[in-house]
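# Pasted the sequence and its predicted model underneath.
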Amino acid sequence: MFKSKLLALCVASMVIATSCGGDKHKEDETNNDNVVDTDTAKTAVLNVGGELFSVPSPIQTAMLIQKSGVAYDKSILNISNKANAYTNDFLRSLNLGIYGADLGYVSMYNQTQDAIGYLAAVKQLADKLGVSAAFDTGTMKRIETNIANKDSMLVLVGIAYRASDKYLKTNKRTEISSLILAGGWIESMHFSVSAYKAKATDEVKFRIAEQKQALGSIIKLLASNTAPEATELGKQLSELSKIYDSIQFKYTFVEPTTDSIKKMTYINSTNEVIVSKEQIDQISAKISEIRTKITNVQS
């Protein structure tokens, strides 16, 4: 039971960081113990005060990095034994999002041994934030049943999503879920810039550049949190946003073509991102500065 509870708690962080919003379709999926595709790699939508905010999943980024051929690099992760150093809910929430993203990263690379440390870190932070109260015995049993599945981490996210999302909404803890979401996004950006330094692919470059809209969502989410620490984080992210203002996207319309035999229509238009190495370097430096302030605190 301890093992299944630990996994449930770790998934809570991944869920909140990747799936804070949802619809009836996702809820129905989590009712099926044999879920395979949980849509956890798709963009999350968070509804706050009637306004929708769209943020890509950290798992989505980890999948892209793995597919681009970049090797696993444990050194880019937040050290898993630092959870005790985060002594307030602001840092705990942000680092729960970061550890959740790290867990998704190690899972994508099948690093089971490393995952153990991140499971423990997530459990510790989730307990202190009260996220663990989201899970009941039924949820635990379903997690235990799916634990042997080769895609178990994605399955677990799908199963746990409904419970954790409902818990945070019911208890009106939007400020916690927003910070966890921000932490997950910051860590996924850290993954992207680190991967680009290791292997400069167009796919990763585009992923970094296209985060302008997601960054705007994060800044708006944090604006509703009046705590001084959240205000300072919002200021730092706004400075990052100014760097993004100089990145250009070029859309070229090309007439779609239709294959009447196959009854298929093909979209031929293209999106091109115009971003320089200097801009990527500036984004990388700012992300590193923000992340360091969040993760590197004295215990």
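Yes, it's here. For clarity, every value in this text was computed on a predicted model and none was experimentally measured. Numbering: from 1, shown residues only.
# Please pull out the lowest mean pLDDT helix or strand from this protein.
helix 24-29 (a mean of 39; mean pLDDT, DSSP states H and E).
# would you say K250 is within a helix?
No. Going by DSSP: H, G, I helix; E, B strand; the rest coil, the assignment for K250 is strand, not a helix.
# and it, bridged to which residues?
Using DSSP bridges, the beta-bridge partners of K250 come out as E272.
# I'd guessed it sits against E272; true?
Yes. At 4.3 Å, K250 counts as touching E272 under the criterion of C-beta atoms under 8 Å. The C-beta positions use only the backbone N, C-alpha and C, and glycine is treated the same way.
# Those two - which one has more neighbours?
E272 (12 against 9; other C-beta atoms under 10 Å).
# hang on, isn't the more buried one packed against I247?
No. Between E272 and I247 there is no contact under C-beta under 8 Å: 11.5 Å.
# can you give me the helices in the stretch 51-200 of the chain?
58-67, 89-108, 112-129, 137-146, 152-170, 174-198 (DSSP state H, counting those that start in this stretch).
# out of those helices, deepest packed?
Ranked by mean neighbour count under mean count of other C-beta atoms under 10 Å, the helices of the stretch 51-200 of the chain are led by helix 89-108, which reaches a mean of 27.
# which other helices and strands contact that helix?
Applying 3 or more C-beta pairs under 8 Å, 6 or more residues apart in numbering; DSSP states H and E, one finds that helix 89-108 makes contact with helix 2-18, helix 58-67, helix 112-129, helix 152-170, helix 174-198, helix 228-244, helix 277-295.
# and the angle for that helix with helix 58-67?
Helix 89-108 runs at 40 degrees relative to helix 58-67, counting by axes from the mean of the first three to the mean of the last three C-alpha atoms, to 10 degrees.
# sorry, back to before: switch the helices of the stretch 51-200 of the chain over to TSV; also include mean pLDDT and distance to L240.
Formatted as TSV, the helices of the stretch 51-200 of the chain follow (pLDDT from 0 to 100; distance: least, C-beta to C-beta, whole Å):
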stretch	mean pLDDT	distance to L240
helix 58-67	82	16
helix 89-108	88	15
helix 112-129	82	25
helix 137-146	54	36
helix 152-170	55	26
helix 174-198	90	9
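# Between those helices, which one is closest to T295.
Nearest to T295, of all the helices of the stretch 51-200 of the chain, is helix 89-108, at 6.5 Å by C-beta to C-beta.
# ok and the closest one relative to helix 174-198, angle-wise?
50 degrees.
# between helix 89-108 and helix 112-129, how many degrees?
Using the same axes, to 10 degrees: helix 89-108 against helix 112-129 is 160 degrees.
# and the angle from helix 89-108 to helix 228-244?
Going by the same axes, to 10 degrees, helix 89-108 makes 50 degrees with helix 228-244.
# Quick check: nearest residue in space to V204, chain neighbours excluded?
Y196 (4.8 Å; C-beta to C-beta, 6 or more residues apart in numbering).
# Return the distance of the one you found relative to I65.
9 Å (C-beta to C-beta, to the nearest Å).
# any shared contact partners between these two?
Jointly contacting Y196 and I65 under the rule C-beta atoms under 8 Å, 6 or more residues apart in numbering are V204.
# how far away is Q66 from L181?
With distances taken as C-beta to C-beta, Q66 is found 22 Å from L181.
# ok, now F191?
16 Å.
# Could you do T270 as well?
On the measure of C-beta to C-beta, T270 and L181 end up 31 Å apart.
# repeat for K235
Distance from K235 to L181, by C-beta to C-beta: 18 Å.
# cool, and V275?
As for V275, its distance to L181 is 25 Å (criterion: C-beta to C-beta).
# and the residue nearest to T252 when sequence neighbours are not counted, how many residues sit next to it?
Take T252 and drop its neighbours on the chain: the residue closest to it by C-beta to C-beta, 6+ apart is T270, 4.9 Å away. T270 is flanked by 10 other residues according to other C-beta under 10 Å.
# which residues sit in contact with T270?
T270 neighbours (C-beta under 8 Å, 6+ apart): Y251, T252, V254.
# Kindly recompute the last result at 10 Å.
Counting by C-beta atoms under 10 Å, 6 or more residues apart in numbering, T270 makes contact with K250, Y251, T252, F253, V254.
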